[in-house]
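**Q** What follows is a predicted protein model with its sequence.
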Amino acid sequence: MLRTFLRWFVITIVCSVGVPLVATVTILGSLIFLPLPATLPTPKPGLISLPSTVYDADGNVIATFQQFDQNIPVAEKDIPQILKDALVSSEDKNFYNEGGVDPRGTARAFIRDLQGQGYLQGGSTITQQYVALAYTGKQRTFTRKLREAILASQLARKLPKDEILYKYLSAVYFGDGLYGVGAAAQGYFHLTNLQQMTIGEAATLVGLIPAPSRYEPRGNPVIAEERRETVLLKMFQQHYITLAQYQYWKVAQLYPSNGPALAKGAPSTTYYPPAQSQTQYPFFVDYLRRYLEEYPGIGPDLLYRGGLRIQTTLDPTLQNEAQASVSTTLLGTSEPLEMSLVSIEPQTGHVRALIGGRDFSQDQTNLALGGCQSPPAGVQVLVTATCQTTQVPQGGGTGRQPGSSFKPFVLATAFSHGVLPSTVFNGPQSIELPPGCKGSACQLIHNAGDSESGVFTLEQATWFSVNTVYAQLILDPRVTVQATAQTAKALGITSAWYSPQVHGASYALGALDVSPLDMASAYGVFDNHGMRVPPTPVLLVENPSGKVLIDNRTPKGTQVLDPVVADNVTNVLKGVITQPGATAYGTANIGRPAAGKTGTTSSYVDAWFVGYTPTLVTSVWMGRKNTEDPNKGASMNSVCSAGRHTCASPVFGGTLPAMTWADYMKQAMKGVPPTDFNQPAPLTPVADAIDAQLRKGISPGAQRPPVYVGDGGPYVQTPPPPVATAPTTTSTTSTTIPPSIVVETTTTVPGGLGRSP
């Protein structure tokens, strides 16, 4: 009877599930892949182009978003063959041999959806992408994907391939409000005759298509160049261009038309500034544009053609004060020296002021936003950066190294695992880590000089920014590099990632690239008692009929850090400003309770101050921008600010950045009653047995107070041969960190003002 029951049970399951499933798959396959008569619906009408209006927090109009020359007529015969070749090689190499649908990609999407894993992005053919533009929209649903596949199959049977390419290139979005290749060619390259398009220009335009706001050359020149070279390589590999053409156009890199004159005959792919309406706050508006272009349910179509009413979080008074403070510091200096400032309300996430550089009209790289680095191929990634998995606004290349301003994330991780601010560390001038390492497994970590050595509590090591203490701390088995990366990511550092093959003790000293926006937002978590409210430039967005599309009037936060831990971090960071000899003592004092941290990278390439009062957090970055590579600055060995009536030789985070921060915050806090931070509850300690074992054999060196030194790093080196044998201690890690990673420290000066020798 049991066999009979099982037999009938199997038959029932097959009949009730298997047969309908097979029938459904057969029907769908027939609709998509069999040569059935092609009948297409009428393409959906495009949006009536209505400009969107942008207001500041006081209700003043500050900008409009609208199409610019979108209706440039382009005939099918105008599309150059090289642009078609670039598109096919990059987006759909089987375009000329397929029936409009990628069977494998479509099947993966269906299976993923049936398994409840959600819509699978990617895998669409050019025909499917055009169908999404003209017929179905881009909602990520199973039904939409199915209809897209059916219509793409029908379209491929009805229209010639070149006509599909023409229709697609006439409708696709290329960024900056530019729809269609005619508008894009004129907007980026000032081309009115598409037949004059070069291979480099074609590769650039095609490279924009997957993510226009991320790959546009004006705001992300380095990433745009990487994309352009990727398209060129695919064109060569698929035999659309010759080896000689590939080599020439690879050298002809993207270059701004308003950049320094190139040598006569030097190859380049020249692009031009945007033809957009003027605004008093270009860097903030640029951030807003990138934010809304990638916001679910908004996107370019509604932003540029939907007639939206956009009320922002921008406080015009604070924005003007921020601009004045930055301009005062930069007075008497010249490019490529740059400065960025971001100011956020931690309790709401509202971005109140944002300065992304010296002059937006000359360079659309928004240094306030940073960027996103991809891990090296083949390494194991244990913590994935948020910017690798979620669309976040980017516009400043890959970001900048934060130096010692990254140390509070290590501190928070340590506090979360029972390490106390009173924990004592030996802090020699230099130290080989990890303990017990040999040969290439070792890193030689330096302080700024012999003046920073001795015995320190963790609290003091933070005030004086002692590298050798923090390098030991992050290797503590209760802390770890991986846990620190997770902390930084949770607090809002969207570029935070971790690989054991890449990262080690130098992680504590600011080896990652970060953005001023992320740093201000992350420090805001300390200020807000562990509650993270994501940063936003938007208060309210409504469509023409008054329907609310975005509403950030009520803060929506997540507790990402224990309030006791957050308040203890703040309590320690107060000493960076108030303790004699601390790195910002004298320069960041604003006459009311405040907390913060300095950061200075090796060779004085980047200098930071990030600080906050109970109601406002502000980050300031300063550095030189290399004219050949916006991601690599030159040393700031000597900078004289006419506005500050001082010369910083060299520039530390505690000099001009801290002065700029203090100048701005004094003005920003006018009229706000002074309030103190919470008195933190005590942390729960753990046994010191691990501490003793970890630091066994480490000599503190001579006890010397922090004084000025002229050493600018590097602070992490591979020990030169012969390598001295470290004391016999069980190693807690065998991580090898490439010596090419540039990290930093912050030196200290009694009184904080006498930074020049």
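**A** Done, it's in.
**Q** I'd guessed residue 326 sits against residue 342; true?
**A** No: look at residue 326 against residue 342 with Cβ atoms under 8 Å: they stay out of range, at 11.1 Å. Backbone N, C-alpha and C define where each C-beta goes, glycine included.
**Q** distance of the closest residue to residue 91 other than its chain neighbours from residue 423?
**A** In space, and not counting its chain neighbours, residue 91 is closest to residue 126: 5.5 Å by Cβ to Cβ, 6 or more residues apart in numbering. Distance of residue 126 to residue 423, given as Cβ to Cβ, to the nearest Å: 60 Å.
**Q** Comparing these two, which shows the higher neighbour count?
**A** residue 126 (25 against 20; other Cβ atoms under 10 Å).
**Q** got a pLDDT number for that one?
**A** Per-residue pLDDT puts residue 126 at 90.
**Q** Are we agreed that residue 310 is in a strand?
**A** Yes: assigned with DSSP: H, G, I helix; E, B strand; the rest coil, residue 310 falls within a strand.
**Q** contacting residues for residue 219?
**A** If you count contacts by Cβ atoms under 8 Å, 6 or more residues apart in numbering, residue 219 has them with 213, 286, 290, 364, 365, 366, 394, 395, 396.
**Q** where does the stretch 51-200 of the chain have low pLDDT?
**A** Along the stretch 51-200 of the chain, segments meeting pLDDT under 70 span 68-71, 103-123, 137-144.
**Q** just the strands in it please.
**A** Using DSSP state E, counting those that start in this stretch, the strands of the stretch 51-200 of the chain run over 52-55, 61-65.
**Q** Counting neighbours, go ahead and name the busier of residue 326 and residue 342.
**A** Applying other Cβ under 10 Å to residue 326 and residue 342 shows that residue 342 carries more neighbours, namely 31 against 24.
**Q** From residue 618, how far off is residue 582?
**A** 19 Å.
**Q** which of these two has more neighbours?
**A** Neighbour tally, residue 582 and residue 618, criterion other Cβ under 10 Å: the higher count belongs to residue 618, 31 against 27.
**Q** can you give me how far the host helix or strand of residue 570 is from the chain middle?
**A** Following DSSP states H and E, one finds residue 570 within helix 563-578. On the basis of Cα atoms, centre = their mean, to the nearest Å, helix 563-578 sits 26 Å off its chain's mean C-alpha point.
**Q** can you list the domains in this structure?
**A** Using automatic domain parsing, the domains assigned to the chain come out as 7-35, 67-271, 322-375+382-541+557-717.
**Q** and the shortest one, what's its mean pLDDT?
**A** When the per-residue pLDDT values of domain 7-35 are averaged, the result is 48.
**Q** Hmm, the residue nearest to residue 91 is touching residue 96, no?
**A** No: Residue 126 is beyond contact range of residue 96, at 10.2 Å (criterion: Cβ under 8 Å).
**Q** and for the two, which residues touch both?
**A** Taking Cβ under 8 Å, 6+ apart as the criterion, residue 126 and residue 96 both touch residue 88.
**Q** need the contact list for the closest residue to residue 176 other than its chain neighbours.
**A** With sequence-adjacent residues excluded and distances taken as Cβ to Cβ, 6+ apart, residue 176 is closest to residue 274, at 5.4 Å. Residues counted as contacts of residue 274 (Cβ under 8 Å, 6+ apart) are 68, 176, 187, 218, 364.
**Q** Show me the two of these that sit farthest apart.
**A** The distance between the two most remote of those (Cβ to Cβ) is 14.6 Å, for 68 and 364.
**Q** of these two, who's got more company?
**A** More neighbours surround residue 364 than the other of residue 68 and residue 364, with 23 against 16 (other Cβ under 10 Å).
**Q** what about the more buried one, which SS state?
**A** Assignment for residue 364 (three-state DSSP): coil.
**Q** Touching, it and residue 273? I think so.
**A** Yes: taking Cβ under 8 Å as the contact criterion, residue 364 and residue 273 are neighbours in contact, 6.8 Å apart.
**Q** okay, and the common contacts of those two?
**A** Taking Cβ under 8 Å, 6+ apart as the contact rule, residue 364 and residue 273 both touch residue 218.
**Q** So for stretch 294-312, mean pLDDT?
**A** So the average pLDDT for stretch 294-312 ends up being 92.
**Q** Ends of it, what's the gap?
**A** One end of stretch 294-312 sits 16 Å from the other (Cα to Cα, to the nearest Å).
**Q** one step back: dump the helix holding residue 570 to CSV, keeping only the CA atoms.
**A** Taking only C-alpha atoms (Å, rounded to 0.1, in the frame of the first residue of the first chain), the coordinates of helix 563-578 have been written out as CSV:
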residue,chain,number,x,y,z
PRO,A,563,25.0,54.4,22.1
VAL,A,564,27.5,53.8,24.9
VAL,A,565,30.3,53.1,22.4
ALA,A,566,29.4,56.2,20.3
ASP,A,567,29.3,58.5,23.3
ASN,A,568,32.7,57.2,24.5
VAL,A,569,34.2,57.8,21.1
THR,A,570,32.9,61.4,21.2
ASN,A,571,34.3,61.8,24.7
VAL,A,572,37.8,60.8,23.5
LEU,A,573,37.6,62.9,20.3
LYS,A,574,36.8,66.0,22.4
GLY,A,575,40.4,65.8,23.7
VAL,A,576,41.8,66.1,20.2
ILE,A,577,40.7,69.8,20.4
THR,A,578,41.1,70.5,24.1
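**Q** residue ranges with poor pLDDT in the stretch 501-650 of the chain?
**A** Short version for the stretch 501-650 of the chain, where the test is pLDDT under 70: 626-632.
**Q** one more time with 90
**A** Low-confidence regions of the stretch 501-650 of the chain, defined by pLDDT under 90, span residues 511, 555, 602-603, 624-635.
**Q** what ranges do the strands span in it?
**A** Under the criterion DSSP E, counting those that start in this stretch, strands of the stretch 501-650 of the chain are mapped to 531-532, 538-542, 548-551, 558-559, 595-600, 606-613, 616-624, 639-641, 646-648.
**Q** Save those strands as a markdown table, and put in distance to residue 418 too.
**A** Formatted as a markdown table, these follow (distance: least, Cβ to Cβ, whole Å):
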| stretch | distance to residue 418 |
| --- | --- |
| strand 531-532 | 22 |
| strand 538-542 | 40 |
| strand 548-551 | 41 |
| strand 558-559 | 19 |
| strand 595-600 | 22 |
| strand 606-613 | 25 |
| strand 616-624 | 27 |
| strand 639-641 | 42 |
| strand 646-648 | 39 |
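**Q** Just name the most buried of the ones you listed.
**A** strand 595-600 (a mean of 32; mean count of other Cβ atoms under 10 Å).
**Q** Quick one: distance of that one to the chain centre.
**A** That offset, for strand 595-600, works out to 20 Å (Cα atoms, centre = their mean).
**Q** and it, C-alpha only, in CSV?
**A** Extracted in CSV, the C-alpha atoms of strand 595-600 (Å, rounded to 0.1, in the frame of the first residue of the first chain):
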residue,chain,number,x,y,z
ALA,A,595,34.9,66.8,19.0
GLY,A,596,36.9,65.8,16.0
LYS,A,597,40.0,64.2,14.4
THR,A,598,42.8,65.3,12.2
GLY,A,599,44.3,63.3,9.4
THR,A,600,47.5,63.7,7.3
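**Q** what are the pairing partners of that strand, and which direction each?
**A** Paired strands of strand 595-600, with direction, are strand 606-613 (antiparallel) (DSSP bridges).
**Q** now the strand it pairs with, how far from the centre of its chain.
**A** With Cα atoms, centre = their mean, you get 18 Å for strand 606-613.
**Q** tell me the contacts of the closest residue to residue 310 other than its chain neighbours?
**A** Nearest non-adjacent residue to residue 310, counting by Cβ to Cβ, 6+ apart: residue 54, 4.7 Å away. By Cβ under 8 Å, 6+ apart, the contact set of residue 54 is 61, 62, 63, 64, 65, 285, 288, 310, 312.
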